[in-house]
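>>> Okay, sequence plus prediction incoming.
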Amino acid sequence: MKRFLNITSFSTWLRFAVAACIVTVLITACSKDLGNYDYNDANRIGISSTADSFAIRQNDTLNIQINLSQTKPAGQLSYEWFLIQYTSSNPNPPEYRLATTANLKVQIKVVPGLYKLVNKVKDNQTGVSFYKYFILRVLPAPWGGEGWLVLQDQQSLHNGNDLSIIISRDAVSHGDVYHNLYFQANGRKLPTGTNYMSVINYSHNTGLQKVMFGYPGGGVEVKAIDFSDSSYAQNWFLNAPSSINVGSNSAVAGGTRETIIVNDQLYYRTVANVFLAAGPVLFGAPLLGSWELSPIVMRFASLSGHYVTLYDKKNRSFLAMNIETNSLVPTGRPDIPNQHFPAYTGAAAALLPTGSGYDLNNIRHNLLDAHNISNIVNPPTTGAAAIWNCFFRNDAADSTWVIQLPVYLAYTNNNVTGRYYLNPAKCPGINSAMLFANPTFLPAPGTFYYAVDNKIYTCNLSAVQGNSTATEGFNFPSGTVIKAMKLFESEYSGPSTLPRTPLPATEGRVLVVATDETASGGGHNVYFININNNGSLQTTAADKYTGFNKIVDL
């Protein structure tokens, strides 16, 4: 009888046999290794300090000493300190690795806010690390609040410029003074020749403030909280000009439409939340035309900040523009020099030397300065003009005028009043004055101040042509050079909707003056001078600050 091999049964038997061998080998191997390992407890490190949370002002030095407890003291330890975000939704600071020492001593330069401070201790023998977390609150630096910036020329001392801040807005209380803030934040000085600075408060819902400095060929924007560099002028434009000479940089207080005059041409951008979310907001192409612009931008009101009035210093005439549409106002006007407005329709006699009118198309003189005098008494509202005092002088420098320009959205060019000839017989030294300031609480035509030599004069404008009269309002020691003269304007008027933030009682009523008194041994100083209800200056300064280098601007 023939027998056949059952392959299926054999395969099953073989699998069981192999599995049994594997199990046997494993059991044997385990039994052989029992007792081969001797486990030792790793060194455990505890980290402690005098506190678990710290508060420090920005730019101050943080000192923390730690105490260690170890289960097996080891001599090979390494240390690291990190500063990280407090909440996961925030980014880490740009430089978050602070030190590699056991104890921490480091200057804290990050922006004010809440952070986590991490101390890492590593046992280099085992490679095991231990961590201690601290809470760190960074407070604004003392100069992070409100105050007056003082730009100074330090070329003879430190090969550059720098700035100080006076922590007082209006001399109601004496404030501290902090010096060399740019160097402290950046480790170097502003470039030699820095001669312009601007502070812009954008729309309230952005919460942004811009501080910038201009120097020949360029400029720098710094962070308002600590004055560290934020960006450079060549990065502000879609297509930057080869040389950037800043004439002015401004925006309506609480507005979004920012202008900058560079190389006598106007550039524009809108700084609003809807655009900021998409990335850097850059200035576009210049608004080119037949004009060369004076570095003054006159605006109507914050709600219509895209309408600007400018002065063409080449053709000596005004022009108005809607910068959002890059079109002249009135709409449709051709770019023909001295014809940017309709022809003058006022009485011809008003344009005579004895008259008080002016033709927007043909001013014929050089614009020295201009100031909005409507901040308080005539706040710009819908349908109302913002009044600007524009100071002009002829080529021979022997005649000076004020043109009181109501800045509108559109012009009819028929002004028969508003031009004031400043007779040097009644306004001493007016033809050499270069610094002007205007109180903003008096009705037009009002009062203005001008500086000549070591004196500040108060000039009351008169409707009778040539009858405006100036009297000596304040004087400094003989030989004093008045370097800058600005009015306290807080820009607190708040959002356009109610309730508005009330203006301080001192709004427009404090004159701040920078002097060079080295000729009399008095050094470089800043004075706060209160203004009386009738616009006259008090003859004794309310406050004085000393110890500055050569002052360039306030």
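That came in fine, so what should we check first? Since this is a predicted model, take the numbers as computed values, not measurements. Residues are numbered from 1 along each chain as shown.
>>> which stretches of the stretch 51-200 of the chain aren't confidently modelled?
The stretch 51-200 of the chain contains no residues with pLDDT under 70.
>>> Please enumerate the helices of it.
155-158, 181-186 (DSSP state H, counting those that start in this stretch).
>>> same thing with the stretch 201-350 of the chain?
Counting by DSSP H, counting those that start in this stretch, the stretch 201-350 of the chain has helices at residues 273-276.
>>> Okay, now the unreliable bits of it?
204, 274-275, 277, 301-304.
>>> do that again at 50, thanks
For the stretch 201-350 of the chain, not a single residue meets the criterion pLDDT under 50.
>>> so where do the strands sit in it?
For the stretch 201-350 of the chain, the strands defined by DSSP state E, counting those that start in this stretch occupy 209-215, 218-222, 229-232, 246-251, 257-262, 265-270, 298-299, 307-312, 317-322, 327-329.
>>> List the buried residues for the last one?
Residues of strand 327-329 classed as buried under the neighbour-count rule (16 or more other Cβ atoms under 10 Å) are L328, V329. Quick note: C-beta positions are derived from backbone N, CA and C, even for glycine.
>>> just to revisit the earlier point, give me whichever of the helices of the stretch 51-200 of the chain is most buried.
When neighbours are counted by mean count of other Cβ atoms under 10 Å, the highest per-stretch mean among the helices of the stretch 51-200 of the chain falls to helix 181-186, a mean of 19.
>>> what's it in contact with?
Applying Cβ atoms under 8 Å, 6 or more residues apart in numbering, the contact partners of helix 181-186 are 59, 109, 143, 158, 161-165, 189-190, 222-223, 226-229.
>>> closest one to N475 among the strands of the stretch 201-350 of the chain?
Among the strands of the stretch 201-350 of the chain, the nearest to N475 by Cβ to Cβ is strand 246-251 (30.5 Å).
>>> so how far is that closest one from its chain's centroid?
12 Å (Cα atoms, centre = their mean, to the nearest Å).
>>> from here on, count from 48
All right, first residue 48 from here; so that's strand 293-298.
>>> center of this structure - which residue?
Closest residue to the average C-alpha location of the chain: V258 at 1.8 Å, with Cα atoms, centre = their mean.
>>> Just list whatever residues bridge to that residue.
Following DSSP bridges, V258 is listed with bridge partners V246, V269.
>>> ok, it to F535 distance?
As for V258, its distance to F535 is 18 Å (criterion: Cβ to Cβ, to the nearest Å).
>>> P475 too?
26 Å.
>>> Ok, D600 next?
Taking Cβ to Cβ, one finds D600 at 15 Å from F535.
>>> Test my guess that W190 contacts I212.
Yes: the pair W190 and I212 qualifies as a contact (Cβ atoms under 8 Å) at a distance of 4.5 Å.
>>> More neighbours: the two, which one.
Legend: neighbour count by other Cβ atoms under 10 Å for W190 and I212, higher for W190 (26 against 22).
>>> contacting residues for that one?
W190 is in contact with I212, I214, Y225, L228, counting by Cβ under 8 Å, 6+ apart.
>>> ditto for S341
Contacts of S341 (Cβ under 8 Å, 6+ apart): G294, L357, Y358, D359, K360, L414.
>>> And for F388?
Contact analysis of F388 by Cβ under 8 Å, 6+ apart lists F365, L366, A367, P377, R380, L407, N408, Y458, N460.
>>> same check, this time on T494
Per Cβ under 8 Å, 6+ apart, neighbours of T494: N485, P486, T505, C506, N507, L508, G582.
>>> Can you spell out which residues form a bridge with the fourth one?
For C506, the beta-bridge partners under DSSP bridges are F495, A517.
>>> Tell me how many other residues crowd it.
Here the number of neighbours of C506 (other Cβ under 10 Å) works out to 25.
>>> Which strands and helices lie in contact with the helix or strand containing A531?
Per DSSP states H and E: A531 is located in strand 528-534. With contacts defined as 3 or more Cβ pairs under 8 Å, 6 or more residues apart in numbering; DSSP states H and E, the packing partners of strand 528-534 are strand 482-484, strand 494-499, strand 557-563, strand 597-600.
>>> okay, the angle between that strand and strand 494-499?
160 degrees (axes from the mean of the first three to the mean of the last three Cα atoms, to 10 degrees).
>>> Can you give me the buried ones in stretch 94-111?
For stretch 94-111, a neighbour-count test (16+ other Cβ under 10 Å) marks I94, F101, Q105, N106, L109, I111 as buried.
>>> Need the distance between the two termini of it.
12 Å (Cα to Cα, to the nearest Å).
>>> mind checking how far it is from the chain centre?
With Cα atoms, centre = their mean as the basis, stretch 94-111 stands 30 Å off its chain's centre.
>>> And for stretch 320-333?
17 Å.
>>> and if you look at stretch 109-127?
Taking Cα atoms, centre = their mean, one finds stretch 109-127 lying 43 Å from the centre of the chain it belongs to.
>>> Check stretch 246-263 too.
Relative to the centre of its chain, stretch 246-263 is centred 4 Å away, using Cα atoms, centre = their mean.
>>> Show me the shaky parts of the stretch 498-601 of the chain.
Scanning the stretch 498-601 of the chain for pLDDT under 50 picks out 544-546.
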